[in-house]
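J.: make a model of this:
(chains A and B)
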Amino acid sequence: MILEATNLGWSARGAPILSSVDLSVKEGETLGLVGPNGSGKSTLLKLLAGIRTPSSGEIRLKGRALAAMPRREAAQLIAFLEQQAETTEAITVRDAVELGRTPWLTPLQPWSEEDDRIVAQALADADMQGFERRSWATLSGGERQRVHLARALAQRPQILLLDEPTNHLDVQHQLSLLELVTTLPITTVVALHDLNQALSCDRVGVLAGGRLVALGAPEDVLTVERVGSVFGIRASIVIDPTDGTRLFRFHPVR
Amino acid sequence: MSLAFARQTHISRLGRGILGFAALGAAILAGMCIGETPIPVGVVLQTLANKIFGATYVLDPIEMGIVWNYRLPRTIVAACCGSGLAISGMVLQSLLRNALADPYLLGISAGASTGAVMVTVAGLGAGAISMSLGAFAGAVAAFLLVAVLARAAGGGVTLHGTGQIVLAGIAGSQLFNALTSFIITKSANAEQARGIMFWLLGNLSGARWPDVWLAVPIAVLGLMACIWHARALDAFAFGSESAASLGVPVRTVQVALIGVTALVTAVMVSIVGSIGFVGLVIPHAARFLVGVRHGRLGPTTALIGAAFLIAADVLSRTIIKGQVLPIGVITALVGAPAFAVILIRGRRAR
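T.: The predicted structure follows:
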């Protein structure tokens, strides 16, 4: 287990947002998190990233307590792609991606050619080459999201935590992001809204009301009944005649 | 335009450093030559040679005294204050992600004036403590009050609530400004009130060598802290949670940098009074020139701040014959239009 949470809980001003979550992330897998708005997906990811302190429970990263680990060391292992991280600074794409090297640099270990190479690779992986000089303010929502992805990749993490990374992306870039994430030889935990995208993960966890209500292989976890009850809808499954893939369709409850 | 400029002109880091020091040296030299009694560059350089290297040029002792005892310490203190205040403003703007942040945001200037007024007008300490010491104590007291208030409001210098410290700073400043007015109205005579007014707007004419030995290390400390934490400051561009996920120990960095900022500002204000405008505007001017990365921005901000305050000081003693203007008046009168030009040109360039 590369990342392990036991009895994890977090509350804001006394109101529990997340409670008693037990989750083990296996090395190399892509774990999808689904659940309605406010079910605690973002909170769980922030706790796993170590940027919020749990109210209860513990997280172990490669067997070590995350809370006791220096931030810098944790950031060399885990990269976190937030939702809606914005700036008003006149920062360029290149500047933003270079930030990903922060955990690897100190005043005594300055920027090197290796860092240049890693940043160039990250820009290429996120399909943002040629945008290096562009200012943040001139980017579209999807381009900003891809810059954030490049920044997370430039961190060269072993674990990538992504909070709804396909937001703002056009279909082509949604597909290429998910393909990149599943082919990278690293562990990924990704919160997703699109249940059909979640079907392609190795395992899926379903969150509802701040609890992890199901965890397992997508076809076992994402059943018509569970999806219906968790999201308050009626779901049905259709089969794509071209390749036999299962797909969800959703209908309002009558 | 800014970053492109820095990247296209391939001057090495060392070269830029040397260029910066040369510019600073030139500004200090100008600060020593220009004044009510203009003193030729040669005389200034010979004075420095006599005093520093024990040379034996024969010079007018009065001119030598003006250069060595008055203008040189005054100019050095001006440079230190300019760079210290500008760096403090830059750090707070980056840390709090607020373009309007300036070193006086933390209530320091208001507290310093209350402390100064308590000593000079209300007679606290019965003459045993100087106005500078009173100002420093007031500045520290005000900052502590603001920090405690911000913390009690649930933010403090923590991960989530950077808004609280801004609000607490405003409340603290108002309180201490009211206290200052109260003391002045209650006990000061017209002459004292005028003196206090003058001090509040900043005044370098009292700067002597002991002030230099205090101002230089503090200004260097401010710059060093900023350079040491340059990458951490960069990482705050997308907020404190993003900085945390990039491996920055957010709380430690915030406490350390806000602490250093408070110390630098309190010391500078206690030496020269509260000079407005520098801490707010110089960092923005520097961003237009070299971009937002703190490795370059920090030294540039310090340099521009130093040169700007030396120039403002020279103007303050030459613009009206036989009279010294408060330097705060000059910084705002000259700085505001200059900044407007930078703003407009910067917008066009984008």
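
J.: check contacts around B:V260.
T.: B:V260 is in contact with B:91, B:221-222, B:225, counting by C-beta atoms under 8 Å, 6 or more residues apart in numbering or on different chains. Every C-beta, even on glycine, is put in place using the N, C-alpha and C of the backbone.

J.: distance of it relative to B:A266?
T.: 11 Å (C-beta to C-beta, to the nearest Å).

J.: can you add secondary structure and distance to B:G82 and give the contacts of B:V260 back as TSV?
T.: Formatted as TSV, the contacts of B:V260 follow (DSSP: H, G, I helix; E, B strand; the rest coil; distance: C-beta to C-beta, whole Å):
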residue	secondary structure	distance to B:G82
B:V91	helix	15
B:L221	helix	15
B:G222	helix	11
B:A225	helix	17
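
J.: so which of these is the closest to B:G20?
T.: B:G222 (16.0 Å; C-beta to C-beta).

J.: what residue is smack in the middle of the chain?
T.: Going with chain A. A:L162 (1.3 Å; C-alpha atoms, centre = their mean).

J.: looking at chain B here, not the other one
T.: Nearest to the geometric centre of chain B sits B:L85, at 2.2 Å (C-alpha atoms, centre = their mean).

J.: mind telling me what element that one is part of?
T.: Under the criterion of DSSP states H and E, B:L85 resides in helix B:72-96.

J.: picking up where we left off before, now, the most widely separated pair of the contacts of B:V260?
T.: Once C-beta to C-beta is applied, those give B:V91 and B:L221 as the farthest pair, at 12.2 Å.

J.: among these two, which residue is more densely surrounded?
T.: For B:V91 versus B:L221, neighbours defined as other C-beta atoms under 10 Å in any protein chain shown are more numerous around B:V91 (27 against 16).

J.: pretty sure that one is touching B:G259, no?
T.: No - here B:V91 does not reach B:G259: they are 10.7 Å apart, not a contact under C-beta atoms under 8 Å.

J.: still on that earlier bit, quick one: contacts for the residue nearest to the centre of chain B?
T.: B:L85 touches B:103, B:264-265, B:268, B:275, B:278-279, B:282, B:305, B:309, counting by C-beta under 8 Å, 6+ apart.

J.: quick one: which of those residues has the lowest pLDDT value?
T.: Ranked by pLDDT, the contacts of B:L85 bottom out at B:P103, which scores 84.

J.: my guess is it meets B:G279, correct?
T.: Yes - between B:P103 and B:G279 a contact is recorded at 4.1 Å, counting by C-beta under 8 Å.

J.: okay, and the common contacts of those two?
T.: Jointly contacting B:P103 and B:G279 under the rule C-beta under 8 Å, 6+ apart are B:85, B:88-89, B:265.

J.: what does the lowest-mean-pLDDT helix or strand in chain A rub up against?
T.: Every helix and strand of chain A was ranked by mean pLDDT, DSSP states H and E. The lowest is helix A:171-183, at a mean of 87. Here helix A:171-183 makes contact (C-beta under 8 Å, 6+ apart) with A:30, A:125, A:127, A:142, A:146, A:149, A:160, A:162, A:165-166, A:169, A:188, A:190, A:197, A:200-201.

J.: from these, pick the one nearest B:V148.
T.: Within the contacts of helix A:171-183, the smallest distance to B:V148 is 39.2 Å, found for A:L162 (C-beta to C-beta).

J.: apart from its neighbours in sequence, what residue is nearest residue 47?
T.: Just so you know, I chose chain A. Once flanking residues are discounted, A:L47 sits nearest to A:P54: 5.3 Å by C-beta to C-beta, 6 or more residues apart in numbering or on different chains.

J.: wrong one, I was asking about chain B
T.: Leaving aside its sequence neighbours, B:T47 sits nearest to B:V67 (C-beta to C-beta, 6+ apart; 4.5 Å).

J.: show me the contacts for the one you found.
T.: B:V67 is in contact with B:32, B:39, B:43-44, B:47-48, counting by C-beta under 8 Å, 6+ apart.

J.: and for B:M90?
T.: Neighbour list for B:M90: B:226, B:282-283, B:286, B:294, B:297-298, B:301 [criterion: C-beta under 8 Å, 6+ apart].

J.: can I have the buried ones of those residues as a PyMOL selection?
T.: In PyMOL, this line selects whichever of those come out buried by 16 or more other C-beta atoms under 10 Å in any protein chain shown:
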select buried, chain B and resi 226+282+283+286+294+297+298+301
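
J.: CSV for the contacts of B:M90, including distance to chain A?
T.: Formatted as CSV, those follow (distance: C-beta to the nearest C-beta, whole Å):
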residue, distance to chain A
B:C226, 11
B:I282, 16
B:P283, 12
B:A286, 12
B:H294, 11
B:L297, 10
B:G298, 12
B:T301, 14
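
J.: hmm, which two among the contacts of B:M90 are most spread apart?
T.: Among the contacts of B:M90, B:I282 and B:H294 lie farthest apart (C-beta to C-beta), at 14.4 Å.

J.: many thanks, have a good one.
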